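> Sequence first, predicted coordinates after that:
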Amino acid sequence: MSINNLDYGRGAQPHSAQMINFIYHMEPPELFRQLVYLYVNARRPAYYHPRIRRGRSHAVSSQVEDLFSYFLSINLIGDISYRVDQPLNHGKSQFCPDIALVERCHCQPSIVRHLFDVKTDLGWNRDGLYAFCAQQDEMIRNFQGLELSVTDGTTKERTTVKAAERLQYHVVILSGKNISTDKLSGQLAKVATLDRVHAYVLFPKHHPNYYGPDIEAYIKSVFVNEEDFHKIRSALTTGCSEPASSSAEP
């Protein structure tokens, strides 16, 4: 099923700002299907001609960000906007998560409680996941509770959002391949000691960059880490019951 054929209206109705629900309108296996076909299409030239062939694929990272944002947007029930590759600025300081969830609730201005970094796998830095996450943990401590300037990439309209005092950073690793199981487990165990950064591996036994003969059979065989999907759902459904800032927070 093409992502263009999915129903963009489902799950878009905002509920009370005091509650955010998560109801699957795109199941995890469909997310994996879409990832696989992102890679398939990335091998093809953007403009078709029978004499054009690519040796290396297009980069898919920005499309993966868009896809995971879409996955969240049609499954999360709430008045939330999804800022993709969005610089968040406070004075001269800036950071840029892959996805920032901006909640419009009773608080003013809108609140950012959750940030996402989406990685296809850990082949980019097999020994560096914990160091990366620890760096993000320190960074968001410096931004929590602050008002942040956000500029829309299409309209260039500038708005202000506020970072929650309990700002959370979620590192989503789509595939557990391209790294040994022991090394991955060791890195995840260390990340689990951090307070504000959380790591998940959604499809630990399969990689979406598949070159085999039967793509559909491969997709159907995917092992879904339901536990980590559940952890993401639980983290995101806290709603606006927590204030944007609190003097009790260290």
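Now that the structure is in, tell me what you want to look at.
> any chance you could map the helices in this protein?
28-42, 61-75, 129-143, 181-191, 215-220, 226-236 (DSSP state H).
> would you list the ones you listed in a markdown table and tack on mean pLDDT?
Formatted as a markdown table, the helices of the chain follow (pLDDT from 0 to 100):
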| stretch | mean pLDDT |
| --- | --- |
| helix 28-42 | 97 |
| helix 61-75 | 96 |
| helix 129-143 | 95 |
| helix 181-191 | 96 |
| helix 215-220 | 97 |
| helix 226-236 | 95 |
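> tell me the contacts of P45?
Shown in contact with P45 (CB atoms under 8 Å, 6 or more residues apart in numbering): 52-54. All C-beta spots, glycine's among them, are computed from the backbone N, C-alpha and C.
> Apply 6 Å and report the result again.
Shown in contact with P45 (CB atoms under 6 Å, 6 or more residues apart in numbering): 52, 54.
> go on, F203?
F203 neighbours (CB under 6 Å, 6+ apart): 32, 175, 222.
> sorry, back to before: among the helices of the chain, which comes closest to F95?
F95 sits nearest to helix 129-143 of all these, at 5.8 Å, using CB to CB.
> Quick check: which of the helices of the chain is nearest to H170?
Closest to H170 of the helices of the chain, according to CB to CB: helix 226-236, at 6.8 Å.
> Now find how far off-centre stretch 196-215 is within its chain.
Distance of stretch 196-215 from the chain centroid (CA atoms, centre = their mean, to the nearest Å) equals 14 Å.
> Which positions within that stretch qualify as buried?
196-204, 206-209 (16 or more other CB atoms under 10 Å).
> on that earlier part again, filter the contacts of F203 to the buried ones?
Counted by 16+ other CB under 10 Å, the contacts of F203 give 32, 175, 222 as buried.
> Just the closest of those to P87, please.
S175 (27.3 Å).
> who does the closest one bridge with?
S175 has these beta-bridge partners by DSSP bridges: F203.
> Identify the residues contacting it.
Counted by CB under 6 Å, 6+ apart, S175 has contacts 121, 203, 207.
> ok, now how distant is the residue nearest in space to the middle of the chain from R166?
Centroid check for the chain by CA atoms, centre = their mean gives F116 as the closest residue, at 4.2 Å. Separation of F116 from R166 (CB to CB, to the nearest Å): 16 Å.
> still on that earlier bit, what count of nearby residues applies to the residue lying closest to the residue nearest to the centre of the chain once chain neighbours are set aside?
Nearest non-adjacent residue to F116, counting by CB to CB, 6 or more residues apart in numbering: I99, 4.0 Å away. Residues lying near I99 (other CB atoms under 10 Å) number 22.
> One more: the one 3 residues further on?
For V102, the number of neighbouring residues by other CB under 10 Å comes to 22.
> Just confirm it contacts I111, I think it does.
No. Checked against CB atoms under 6 Å, the pair V102 and I111 is beyond contact range at 7.3 Å.
> Find me the pLDDT at the closest residue to K119 other than its chain neighbours, would you?
Excluding the flanking residues, the one nearest K119 by CB to CB, 6+ apart is I173, at 4.9 Å. If you check I173, the pLDDT there is 98.
> So I173 sits against V201, correct?
Yes. In this structure, I173 is within contact of V201 by CB under 6 Å, at 4.7 Å.
> which neighbours do the two share?
Counting by CB under 6 Å, 6+ apart, nothing touches both I173 and V201.
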